[in-house]
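>>> 3D model of this:
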Amino acid sequence: MTRRREGTPEGRQGLRWTVFLYLAIFCVAVLLVIWMMQGFLLNLIYYNIAVRRLDRAAGELSEVACSPDDYEAAQALAVGYQMSLAVFEWEEGELGARFLQVNGDGGSVLPRLTNGELHALCAEAAESGGGVERSYIHRYVFRLPDGSVEPGGENEQLFESRRLIVVRLTENSEGNPIAIFLDCALLPVGTAASTLLVEIILLSGILILAALILAYFLSRRIVQPITRMNRSAQALAAGHYDVHFEGGSYREIEQLSETLNYAASELGKVENLQRELIANISHDLRTPLTMIIGYGEIMRDIAGENTPQNVQVIIDEAKRLSDLVNDLLQLSRCQAGVEKLQIEKFDMGETVRQTLDRYRQLLASRGFVFEEKVEAGLTVRADRQKILQVLYNLINNAVNYSGDSRLIEVGCYRTEAGAVRLEVIDHGEGIPQEKLPDIWQRYYKADAQHKRSVVGSGLGLSIVRGILELHRARYGVDSRVGKGSRFWFELPPEDGEMLPSTDEKR
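Below is the predicted model of the structure:
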């Protein structure tokens, strides 16, 4: 059973309930906005709509209200807008004769206004720039049997309606100043508001239920892939690197699954490399130790075997062990970032020539041929000793895998960008393309059988990578199976900046 990590938030809210909570908050916010609209703004909105409607009617009426003969056109207008109207002459601030009146609405309050009230409305309209609006409450008695309106009686019932009167001072189409009175009923918005309140309550229940259902299905589509990934991640943490992360219906989850699958694959490679590292180091340590112990026992038990040759074998194998340990220590320092560079200016071309001269003397008896193509005046700024170590490791690698050709080509020249590029080329068996990214790992081997290096400890390319990354140098390898390999790196010129390292060159 996978143990839960310490510090895991046990009480933290799950994604499913979080989605539901956010949807519920959204629904409540929408309902509150609707509630405020109908509870506080409905009357105002309705009143403004009625005023604008009567304004349009006043504009149309001013075009037809020229004389009492326009009664039919005014009546059609009143019926269309469901209102009552009256048109008076208006001249020099005085209300004149009423020459047009249409009662398009049976509950009109216009006939009940006195001349003083009409004149006061006109005066107020004049002060306000030509228009004024007023609402009135009209009470009347309705006789139930025949529907007639008259006061008194036993079967009478008192009714009440709210009316809106709009007064506009304008001119008719003939240019005569007129005062237009428009009267329409304001519907009982309170009853509509009560109805809307009931509807909002029902709508609230429906929306919250819909939010719960939507949150369930939405979280199901989101949470289930994440839950599966979590189980796979727990298996990965337990060391099962062959685990597979399944994606989901969304692009981000699919990308996450691909990234985790790639990470699991890389972790599996690292695990295999670590196992190989232990096996290879054990092999490289066991061989010289066996020889040291064997030759020591021979020199101890057999008389006359204490010869300089046997002692030299012991010294050589002990030196091989020392080189292996030193390489491991240097590789660890590079990877830990504690290795320091001693930057200086030196001639890269001359350093390459001197190194190849030593290799020619050392390996001439074995048939190795070193061809050099080195330009003059290649001054660089770098740590000379560490770059020299990179050069040794690359040449050693070429010697080990040159095959039967025994030809090693070394080139050093300036690129078009001004960098100093060094190349080491062998004509051996080459490396498959799919294995090129892994050759820089510690003790990685492209073949199935581990081979002890002819020169070095077997950690050369890992040390090369660490040193070049400290220099922020570009490096890489090009190889073809059966044709050989070309290892290269680039350093800035003497007055240049360090080159940024790029993944495609590793």
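
>>> Report how many residues lie close to Gly268.
16 (other Cβ atoms under 10 Å). Backbone N, C-alpha and C define where each C-beta goes, glycine included.

>>> so which helix or strand takes in it?
Gly268 is part of helix 251-301, with elements assigned from DSSP states H and E.

>>> tell me which strands and helices the helix or strand just after that helix is in contact with?
Where DSSP H and E defines the elements, the next helix or strand beyond helix 251-301 is helix 308-336. For helix 308-336, the contact count by 3 or more Cβ pairs under 8 Å, 6 or more residues apart in numbering; DSSP states H and E identifies helix 251-301, helix 460-470 as packing neighbours.

>>> Just want the angle from the helix holding Gly268 to helix 308-336.
Relative orientation of helix 251-301 versus helix 308-336 (axes from the mean of the first three to the mean of the last three Cα atoms, to 10 degrees): 160 degrees.

>>> Check which helices and strands helix 251-301 sits against.
Using 3+ Cβ pairs under 8 Å, 6+ apart, the elements in contact with helix 251-301 are helix 189-237, helix 308-336.

>>> Name the residues of the helix or strand just after the shortest one that are buried.
In the C-terminal direction, the helix or strand that comes right after helix 308-336 (DSSP H and E) is strand 343-347. Neighbour-count burial for strand 343-347, with 16 or more other Cβ atoms under 10 Å as criterion, is recorded at 346-347.

>>> Using CSV, write out the CA atom coordinates for strand 343-347.
Taking Å, rounded to 0.1, in the frame of the first residue of the first chain, the C-alpha atoms of strand 343-347 are listed here in CSV:
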residue,chain,number,x,y,z
ILE,A,343,39.2,31.5,-17.3
GLU,A,344,42.2,32.5,-19.3
LYS,A,345,43.1,33.4,-22.9
PHE,A,346,45.0,30.7,-24.9
ASP,A,347,45.5,29.5,-28.5
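
>>> Provide a list of residues in contact with Ser431.
For residue 431 the amino acid is Ile, not Ser. With contact set as Cβ atoms under 8 Å, 6 or more residues apart in numbering, Ile431 has these partners: 439, 446, 477, 479, 481, 485.

>>> With Leu391 as the reference, measure out to the third one.
For Val477, the distance to Leu391 (Cβ to Cβ, to the nearest Å) stands at 15 Å.

>>> Okay, buried residues for the helix or strand containing Val410 please.
Assigned by DSSP H and E, Val410 falls within strand 407-414. The neighbour-count check on strand 407-414 (16+ other Cβ under 10 Å) flags 407-412, 414 as buried.

>>> can you tell which of the helices and strands packed on helix 251-301 is closest to Ala263?
Closest to Ala263 of the helices and strands packed on helix 251-301, according to Cβ to Cβ: helix 189-237, at 8.0 Å.

>>> can you pull the pLDDT of the residue most central in space within the chain?
The chain has Glu252 as the residue nearest its centroid, 8.8 Å off, counting by Cα atoms, centre = their mean. Glu252 carries a pLDDT score of 75 in this model.

>>> likewise the one 5 residues further on?
pLDDT, the model's per-residue confidence, is 82 for Ser257.
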